[in-house]
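Enquirer: Sharing a sequence plus its predicted fold:
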Amino acid sequence: MVFTVDVGNTNIVLGAYNSADELVFTSRVATEAIKTEDQYAITFNEILKLNDVSKNDFDGAIISTVVPSLLPVLKNAVKKLFKVDALVVGPGIKTGLDIKLENPAILGADLVCGAVGALLKYKPPLIIFDFGTATTISGIDKNGAFLGGSIIPGVNVSLKALSSSAAQLQDINAESGQITAIGKNTIDSMRSGIILGNAAMLDGMILRYKEVLGEDATVVATGGLAPSIVPYCKAEGINLDSGLLLDGLYAIYKKNRA
C-alpha cells in the first residue's frame with residue numbers, strides 16, 4: 001500500500017491506496033507546526049488503527065506540503081512508522097504536468113496535485129477550485145497545459161478577518177444555521193455574505209475562465225469547505241471531488257516509482 005500525505009495550512013489530509021489503485025480510507029487532522037515527528041508518527045498510526053489498516057502493509061509514501069517547515073518532521077515520522085523514504089512533490093519530481101507559468105517552480109505542490117488528479121479523471125479544458133485556507137482557482141487548457149490561476153482569501157480567513165476587524169461582528173460558524181440571501185439579523189447576514197458571496201464568486205469566475213478556456217470547460221471543486229459552497233452556486237455541472245489531491249498525489253507516486 002501507499003500512504004499519501006497532503007499538508008495544507010489548516011489541515012493535513014491522509015490517504016492509503018492499495019495495489020488495486022483503490023483509496024482505502026481518507027482522514028483529516030489539524031496542521032500543527034509545533035508537533036514533533038514522534039507525535040505525528042503516533043497520530044498516523046492511530047488513524048491506521050481506526051481504519052483497520054496495519055502499518056506493515058505499506059511499502060511507499062508520498063508527501064505534498066505548502067508548509068515547508070513541516071516537511072522534515074513529516075518525512076521522519078513516515079520513516080519511523082513505515083520504514084520507507086517518502087517521495088516529496090517538488091523540484092525534480094516527475095509530474096507530467098505542462099506548466100505555462102513565467103516561473104514554473106513557483107507553482108504550489110497542492111495545485112500540482114490537484115491539476116494532475118483532475119487530468120486523470122476529467123476532460124480538459126478544466127477549471128479547478130480548491131477551498132482551503134486560501135481559495136485557489138486553476139485554469140488548464142484543452143491540451144492539458146496549466147495556464148495559471150487565481151488566489152482568493154479563504155472562507156474561514158475572510159470570516160475571521162471580518163470578525164476581528166469589526167468590533168460588533170462576532171466570530172460565527174458559517175457552515176451551520178439558516179442561509180438566506182437577505183439576513184434578518186447580524187449572524188444570518190454574515191452567513192449570507194460568506195456562503196452566498198463565495199458561491200456567487202464561483203459563478204462569476206467560472207464565466208470569466210470560460211471566456212478564456214472555452215464554454216466546454218469542465219469545473220471541479222475540492223477542499224474541505226467546497227461542500228458548504230457548491231450547493232449554493234447557480235452554475236450547473238460543478239463536479240464536487242473531495243479526493244482530487246490525493247488521487248493526484250498517488251498518480252505522481254506511481255509515475256516516479258515506475
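Expert: Nice, I can see it. Keep in mind that what you see is a predicted model, and the values were worked out from it rather than measured.
Enquirer: Is it correct that Y209 is in contact with I128?
Expert: No. With contact defined as Cβ atoms under 8 Å, Y209 does not reach I128; the gap is 9.8 Å. For the C-beta atoms, the positions are set from N, CA and C on the backbone; glycine is no exception.
Enquirer: shared neighbours of those two, which are they?
Expert: When Cβ atoms under 8 Å, 6 or more residues apart in numbering defines a contact, the residues bordering Y209 and I128 alike are I137.
Enquirer: pretty sure A86 is touching A61, no?
Expert: Yes. Using Cβ under 8 Å, A86 is in contact with A61, at 4.1 Å.
Enquirer: These two: which has the busier surroundings?
Expert: A61 (26 against 21; other Cβ atoms under 10 Å).
Enquirer: can you list contacts of the helix or strand containing the more buried one?
Expert: Per DSSP states H and E: A61 is located in strand 60-65. Here strand 60-65 makes contact (Cβ under 8 Å, 6+ apart) with 1-7, 71, 74-75, 78, 82, 84, 86-89, 109-110, 112-113, 245, 249-250, 252-253, 257.
Enquirer: List only those of those residues flagged as buried.
Expert: Taking 16 or more other Cβ atoms under 10 Å as the criterion, what is buried in the contacts of strand 60-65 is 1-7, 71, 74-75, 78, 82, 86-89, 109-110, 112-113, 245, 249-250, 252-253.
Enquirer: circling back to that earlier point, for the strand holding A61, list the C-alpha coordinates in CSV.
Expert: C-alpha atoms of strand 60-65 as CSV (Å, rounded to 0.1, in the frame of the first residue of the first chain):
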residue,chain,number,x,y,z
GLY,A,60,5.7,3.5,-0.1
ALA,A,61,4.6,7.1,0.8
ILE,A,62,4.4,10.5,-0.8
ILE,A,63,4.1,14.0,0.7
SER,A,64,2.8,17.3,-0.7
THR,A,65,3.0,20.3,1.6
